[in-house]
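S.K.: generate coordinates for the sequence data below:
(chains A, B and C)
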Amino acid sequence: MAWYALARLLQALAVLAVMSLLVFAGVYALGNPVDLLVDPNAGAADYARRVAALGLDQPLWVQYARFVVGLLHGDLGNSFVHGTPALHLIFERMPATLEVSFAALMMALASGVPLGLVAGFKPQSWIGRAIRALSVLGFSLPTFWVGLMFIMLFAVELGWLPAGGRGPTEHVLGIDLSITTLEGWRHLLLPAVNLALFKISLLIRLTAASTQEILRQDYIRFARAKGLHPVRIVGLHVLKNALVPIVTVLGLEFGSLVAFAVVTESVFAWPGMGKLLIDSITLLDRPVVVAYLLVVVLLFVSINFIVDLLYGLLDPRVRLGGAQA
Amino acid sequence: MPAFLRLLPAMLLACALSVAQARDPGDLVIGFGADVSSLDPHFLNAVPNVAAAAHLFDALVHVDPDGKLVPGLAVSWQAVDATTWEFKLRRGVKFHDGSDFTAEDVMFSLERPAKVVNSPGPFTSYTRQIASRQIVDPYTVRLKTPAPYGPLPLDLTTIYMVSKKAAANATTEDFNSGRAAVGTGPFKFGAFRRGEAIDLVRNDAYWGGKPAWQHVQLRLLTNDAARTAALLAGDVDAIEAVPTPDIARFRANPALRLEQKVSWRTIFWQMDLSRDQSPFVTDKAGRPLAHNPLRDVRVRAAISKAINRQALVERTMEGLAIATGNIVIPGIVGHVDAIKPDAYDLAGAKRLLAEAGYPDGFALTLHGPNNRYVNDEQVVQTVAQMLTRAGLQTRVETMPLSSYFGRARAGEFSFALLGWGSLAGDSALRSLLATPNPDIGWGGFNWGRYSNPELDRLVRAALGETDAAARAKLAGQAVELAMRDHALVPLYHQYASWVMRKGLSYRARVDEFTLANAFHPQ
Amino acid sequence: MKGAAGLLARYAEDRVAAAALALFALLALAALAAPWLAPQNPYDLAQLDILDARLPPGSAAGATELVYRLGTDAQGRDMLSAMLYGLRISLAVGFAATAGGLALGLLVGLSSALAGGRVDALIMRAADLQLAFPAILLALILLAALGPGPGKIVAALVAAQWAYYARAVRGVALVEREKDYIAAVRLLGLSGPRILFRHLLPNCLPALIVVATLQVGAAIALEATLSFLGVGLPVTEPSLGLLIANGFQYLLSGKYWISVFPGLLLLGLILAINLVAERLRVLLNPRLQGV
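M.R.: From the prediction side, this is the model:
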């Protein structure tokens, strides 16, 4: 178990090392934020002082070494643009991203799993076909374009929902959340649905596939032959067994929702950390980009870890550690 | 669309409407068009930051909506000799915490910009000219410059006065949290939610009179569509930086009111004028030319004539700009009324090109940013389109500002778009066309490395002149010289625009600043 | 496998899939023939007229005979022409990225399977790492570091997708390696590369085709997304994603055609590819037969 956690952590460190090197080299090659932000009338000495103050006058390897030393002390550096600890900026924006990602995940679960069950039970009926067709469509929809269409339809033409932004937030257990108010939900609805679309399709396919797999098992056939009510079969056997692969995928998918929120946040002007990432990339605010990567990688690792634990609970055959690791 | 889909949002809306409450009449919500990165007024010299800080803080000298200097925390100023400026401070002004504003705070505030070491864009270029500071009495300060320096009062419009008591040893973060954000401005700090909004509360004791609004929220809506939608939905009372595609729609909307004014920003082309081989000028087969045609004044004149500024302004900018041949806008030091925008004259352009030895034109790549100025990317393409009509073969390359400015500064381009906002023509020329000299900060944006000793002399003379009329004359001569030489190709002045709900009024400002205190209920 | 003709016949049993294939063929043809089909060369600035900017569908050009059937964009570019050329770019980028990813994945996957042991473990760890990191983020960071451009976006897409192929190839190759015929040819003294290309590769193909078809769709969608975020392709030669992005700011003012039409085309393209991939998956994967 401990070994397993350690392996995961090492993996995360490897990802982080590669990505942070990339970002350092990239920003180094692209230019420096002082070019963007310094006053045009600043003299050469002033300019040089600014570059030095941000440590950008050093060779690339020194900059990177400084970053690693800082990291070991739990310090990811200050944002060039905000003058605030980069990690602090990320944490400020994180609730918004997690909120919309989580809402999307719940929507995907609530609609994808039942639809997938139906499609799995009745693959040849019109409804089964229709659901599968829908899922292929959902797979093919370019997320950002659908977002634009949502805005055009629901915000501009019909005027039912706001075109973007986050609703008022309330302090809940130390976190600012917007899902506690109706106004918050009005803002959340379009981005969350937009983000969920792709995952709904995925869950439909996944659930349908594992449902069919299970239906072919002998014990289900037996249960059917015994005259057990279909609803009971679903509830007792199919759902429980279909849940195993779903949980695995869900973990991964929550991670990818957080990543794809970059796109949705840009379309709907949602003030999450994805939008912060895009803004920071355009301003060459390297500490924030690196801090974002760190947080996201750690997030993925912990989600995967939790998923593996859940997996073990749901499927007694799986034991972590031992032979599985 | 299926019926249930139609119904669902309608039901949601019904719920939402029942809880949505009308805003208090004493509250004002404004949609800002750019992100404010900090509330420390000495951290980053960027327009959004300075505009936000103007709500909490005052400068010694203020700028009125037309770009004229007016008293701020200083009631008067004058040059007592060639190198000494004296400022008389306003009496009876109190900081938000109740303490008095005195000369000590001025000293502190003028020293602080140099001490904010982690600033990527410091304010020191405005304080650098001050060699020494002297308190004459608690309400009089004297500032000495090493050489005569006319624009000092203008420079000081951007240096905000903070409270020495509250801000001594304060970090940028202390301003963001509100602890050190103690100013004399019309509003007090409420909350700063980065990337989302700034909340402000009225300063009842404001020296300029009690502001009209009890609570003000500056909502940071950088996405154009989101800002527009927020206004249409009534989430905000007013927005700045109105997206060009939406202007017509706003104008036609009887529930809204549009305010516009020519802004201080001029958009123009910088050309490579120093090198004999320019990287992005070739013949039409891509081979290098014997000489850089941009160094020929006839070619530059031809390019200017080939640009249909009227079409550019009406179509690409959708009427949100005014064609120009000047560097600064009317009413500002250095504007020359006699200089008119070059008329669109395709035949004349072709003739000039032929005279210069390029009857078949040449190939040119136009560079521009894609996220800096209003419609920048479109403007570059439109001008490229127009130059092809005069026989040039054009290519367009646009890029985010993050790589654009750095590359332009390194002289990588031949023909590059730049926008400049300035309240003085001589200052603008100092950055744009004076012979580059990094040691004194001259020619910092002279990407084409134009160098003309006569222009340098005029600019130096204008900047050193403390008599306003004499300075204006010298600045005008410098601008005339530059324009006669087609040292840059001006396109247009941008319009600054605001849209607000009916019942509000705002006096549009040349400097594009959005100040809550200048909104009034009608 | 009963030959290509037999496969095609079985493919066509599914009407929807057949229609999807036809649609894809049509779009691919249109993309190839764009220079002849398009009323205007949208990349030639001399052919654009700013005076015709943002005209609604069906408008006539001011100075020429042209009729803008699908309207014009902010530069006066004929949308129909821009979409045909954009389709070309989207398809080219999608296929180039897939070819690159396929080649790299094939190389890595096969060598991993052949080498076995530590090398195999190491390579597969790397693939796992890459798969664990969302493609969109990887490509976004890469492009932010590299800057925009068609070659760079292909490179970013390859970097984001090679692991899918490597995984698939290795899986099949491992199974095949254990089979008798490979052992037999090894005994015959055939060289490594020979085994690779003559024997292992053909057997990996079905699985690869399925993965590749799916990934073409994914690559096109990803390219469009990156271009929309502003880190993809240059503005003067817009792909479908960039056309949509350019139209975004006009959406609220009712000039829908700049964004909506390219979006529909993009949707049609990806949908067709995905439906074809879906059918191929069923046909080429014996385990899924009849599902």
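S.K.: the residue in the stretch 101-250 of chain B positioned nearest to chain A: which element?
M.R.: Using C-beta to the nearest C-beta, the single residue of the stretch 101-250 of chain B nearest to chain A is B:A229, 3.0 Å away. The C-beta positions use only the backbone N, C-alpha and C, and glycine is treated the same way. Assigned by DSSP states H and E, B:A229 belongs to helix B:224-232.
S.K.: tell me what that helix is packed against?
M.R.: Applying 3 or more C-beta pairs under 8 Å, 6 or more residues apart in numbering or on different chains; DSSP states H and E, one finds that helix B:224-232 contacts strand B:27-32, strand B:238-240, helix C:240-251.
S.K.: can you list contacts of the shortest one?
M.R.: Counting contacts by C-beta atoms under 8 Å, 6 or more residues apart in numbering or on different chains, the residues outside strand B:238-240 that touch it are B:28-33, B:221, B:227-228, B:230-231, B:496-501, B:504, B:506, B:512, B:514, B:519.
S.K.: in ChimeraX, how would I select just the buried ones from those residues?
M.R.: Selection of the buried residues among the contacts of strand B:238-240 in ChimeraX, burial being defined by 16 or more other C-beta atoms under 10 Å in any protein chain shown:
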select /B:28,29,30,31,32,33,221,227,228,230,231,496,497,498,499,500,504,506,512,514,519
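S.K.: can you pull the contacts of the nearest residue to B:T398 once chain neighbours are set aside?
M.R.: Nearest residue to B:T398, sequence neighbours excluded (C-beta to C-beta, 6 or more residues apart in numbering or on different chains): B:N370, at 4.2 Å. By C-beta under 8 Å, 6+ apart, the contact set of B:N370 is B:376-377, B:398-400, C:230, C:235.
S.K.: what's the farthest-apart pair in these?
M.R.: Across the contacts of B:N370, the longest distance by C-beta to C-beta is 12.7 Å; it joins B:D376 and C:G230.
S.K.: helix or strand for residue 160, just tell me which one.
M.R.: Went with chain A since none was named. Counting by DSSP H and E, A:W160 is part of no helix or strand.
S.K.: actually, chain C is the one I wanted.
M.R.: Using DSSP H and E, C:A160 falls in helix C:150-177.
S.K.: mind listing what's buried in that helix?
M.R.: Applying 16+ other C-beta under 10 Å to helix C:150-177 flags C:150, C:152-170, C:172-173, C:176-177 as buried.
S.K.: likewise stretch B:513-522?
M.R.: B:513-519.
S.K.: setting aside sequence neighbours, what's the nearest residue to whichever residue of the stretch 251-400 of chain B sits closest to chain C?
M.R.: Per C-beta to the nearest C-beta, B:T388 is where the stretch 251-400 of chain B lies closest to chain C, at 4.0 Å. Spatially, and ignoring its direct neighbours in sequence, B:T388 is nearest to C:A46 (4.0 Å; C-beta to C-beta, 6+ apart).
S.K.: follow-up on the earlier one: now render the helices and strands packed on helix B:224-232 as TSV, adding mean pLDDT.
M.R.: Listed next are the helices and strands packed on helix B:224-232 as TSV, based on pLDDT from 0 to 100:
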stretch	mean pLDDT
strand B:27-32	94
strand B:238-240	95
helix C:240-251	86
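S.K.: need the ones you listed in a markdown table (columns: distance to B:A181).
M.R.: What follows is the helices and strands packed on helix B:224-232, written out as a markdown table (distance: least, C-beta to C-beta, whole Å):
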| stretch | distance to B:A181 |
| --- | --- |
| strand B:27-32 | 17 |
| strand B:238-240 | 22 |
| helix C:240-251 | 34 |
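S.K.: can you pull the contacts of the residue sitting nearest the centre point of chain B?
M.R.: In chain B, the centroid-proximal residue (C-alpha atoms, centre = their mean) is B:G421; its distance is 4.2 Å. Neighbouring residues of B:G421 by C-beta under 8 Å, 6+ apart: B:47, B:263-266, B:511-512.
S.K.: are any of those residues buried, and which?
M.R.: B:263-266, B:511-512.
S.K.: which members of those occur in strands, if any?
M.R.: B:263-266 (DSSP state E).
S.K.: re the thing from before, among the contacts of B:G421, which two are most distant?
M.R.: Among the contacts of B:G421, B:V47 and B:T266 lie farthest apart (C-beta to C-beta), at 15.1 Å.
S.K.: okay, strands next: where are they in the stretch 151-291 of chain C?
M.R.: In the stretch 151-291 of chain C, no strands are defined using DSSP state E, counting those that start in this stretch.
S.K.: and it, which residues reach chain B?
M.R.: For the stretch 151-291 of chain C, the residues in contact with chain B (C-beta under 8 Å from any C-beta of the partner chain) are C:230, C:234-236, C:248-255.
S.K.: can you redo those as a markdown table with distance to B:V117?
M.R.: As requested, those are exported to a markdown table (distance: C-beta to C-beta, whole Å):
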| residue | distance to B:V117 |
| --- | --- |
| C:G230 | 32 |
| C:P234 | 39 |
| C:V235 | 38 |
| C:T236 | 42 |
| C:F248 | 40 |
| C:Q249 | 39 |
| C:Y250 | 44 |
| C:L251 | 44 |
| C:L252 | 43 |
| C:S253 | 46 |
| C:G254 | 50 |
| C:K255 | 48 |
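S.K.: spatially, which two of these are the most separated?
M.R.: Those two in these that are separated most widely, counting by C-beta to C-beta, are C:P234 and C:G254, at 28.0 Å.
S.K.: neighbour count for those two, which is higher?
M.R.: C:P234 (18 against 15; other C-beta atoms under 10 Å in any protein chain shown).
S.K.: so who does the more buried one touch?
M.R.: B:396-398, C:148-149.
S.K.: which sections of the stretch 101-250 of chain A are below the confidence cut-off?
M.R.: A:230-231, A:234-237 (pLDDT under 70).
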